[in-house]
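Colleague: pasting the sequence and the predicted model now:
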Number of protein chains: 2
Amino acid sequence: MSKSKAGLLQGTLDMLILKALSLGALHGYGIGQRIAQISDDALKIEEGSLYPGLYRLERRGWIESEWDLSDNNQRAKFYKLTRSGRKQLILEEENWERLAGATMKALRAS
Amino acid sequence: MSKSKAGLLQGTLDMLILKALSLGALHGYGIGQRIAQISDDALKIEEGSLYPGLYRLERRGWIESEWDLSDNNQRAKFYKLTRSGRKQLILEEENWERLAGATMKALRAS
DNA sequence: TTAACTCCCTAGACAATCTAAGTAGTCCAT
DNA sequence: ATGGACTACTTAGATTGTCTAGGGAGTTAA
């Protein structure tokens, strides 16, 4: 289709980032890896999507960041969920499941 | 979320239109109704999304149109799938299921 | 020393969907 | 016969999400 190269369904990035962080604080680069990992390498996020996504979520108060050192002794910005981010994740999951379920139902109609 | 009002998951409109038409030729207005119907009223497509979507699909050769009269004796543009539209529907369904499946898997990770 | 990998940043393009507006015909109830 | 709900199509413009494509700099291992 027009978006044959898309590595993600549109509108799911924020939710996936929140989900990744719900499993523990991480730096940006690691979030991309974790999302790949928990999706069996099916979902790949480009850095040009990931970092702007992180700024967006932080601006909205759903995640917070702090500079620290990574495992490799490199500077890295670690993100963690805020309380409102946890709530947001739940909302997004519910909404996603509702719409994805309806879409699947539609695809099965005959 | 930012898209709390969204009636659709982004990127699914083309597929849903093709799916609706795979069940039989229809005019634009009816396509919106059929999509609502086969999704148990969970998916609502605004006309400002639907009609531009139809022009897009026609431009790409996946659907064809013809003016005719509706049940109510009103002029209406009837659309039907082309052969390449049928192929496209299959591709989009496969891609959607792959990505939606991966997303669901990610959401269930712990 | 060079390649592969870790880590971050940003500008600009593109595409999808929505809001909001308009036109016009039909049907039905009052 | 009037007004309102519904059918049916069209289009402009805004918003937003994700991507492409570049940049920089540090680390590790061959």
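Modeller: Yep, that arrived. Residues are numbered from 1 along each chain as shown, chains lettered A, B, ... in the order given.
Colleague: would you confirm that A:Tyr29 belongs to a strand?
Modeller: No: when classified by DSSP: H, G, I helix; E, B strand; the rest coil, A:Tyr29 is found to be helix rather than part of a strand.
Colleague: look at it and report its pLDDT.
Modeller: The model reports A:Tyr29 with a pLDDT of 97.
Colleague: mind checking how far it is from A:Arg75?
Modeller: For A:Tyr29, the distance to A:Arg75 (Cβ to Cβ, to the nearest Å) stands at 12 Å. Every residue, glycine included, has its C-beta placed from N, CA and C.
Colleague: go on, A:Glu94?
Modeller: 37 Å.
Colleague: and for A:Asp40?
Modeller: A:Asp40 is 30 Å from A:Arg75, by Cβ to Cβ.
Colleague: in whatever helix or strand A:Arg98 lives in, what's buried?
Modeller: If you go by DSSP states H and E, A:Arg98 is part of helix A:83-108. The neighbour-count criterion (16 or more other Cβ atoms under 10 Å in any protein chain shown) identifies A:Gly85, A:Gln88, A:Leu89, A:Glu92, A:Asn95, A:Trp96, A:Leu99, A:Ala100, A:Ala102, A:Thr103, A:Ala106, A:Leu107 as the buried residues of helix A:83-108.
Colleague: nearest to B:Leu23, of these?
Modeller: Proximity of these to B:Leu23 (Cβ to Cβ) peaks at A:Ala106, which lies at 10.2 Å.
Colleague: what's the spacing between that closest one and DNA strand D?
Modeller: A:Ala106 is 19 Å from DNA strand D, where distance means Cβ to the nearest atom of the strand, to the nearest Å.
Colleague: state the pLDDT value of that residue.
Modeller: 97.
Colleague: check contacts around the closest residue to A:Ile45 other than its chain neighbours.
Modeller: Leaving aside its chain neighbours, A:Ile45 sits nearest to A:Gly32 (4.9 Å; criterion: Cβ to Cβ, 6 or more residues apart in numbering or on different chains). By Cβ atoms under 8 Å, 6 or more residues apart in numbering or on different chains, the contact set of A:Gly32 is A:Lys44, A:Ile45, A:Glu47, A:Leu50.
Colleague: secondary structure class for the nearest residue to A:Leu81 once chain neighbours are set aside?
Modeller: Distances taken as Cβ to Cβ, 6+ apart place A:Leu21 nearest to A:Leu81, at 4.8 Å, with adjacent residues excluded. Local secondary structure at A:Leu21 is given as helix here, using three-state DSSP.
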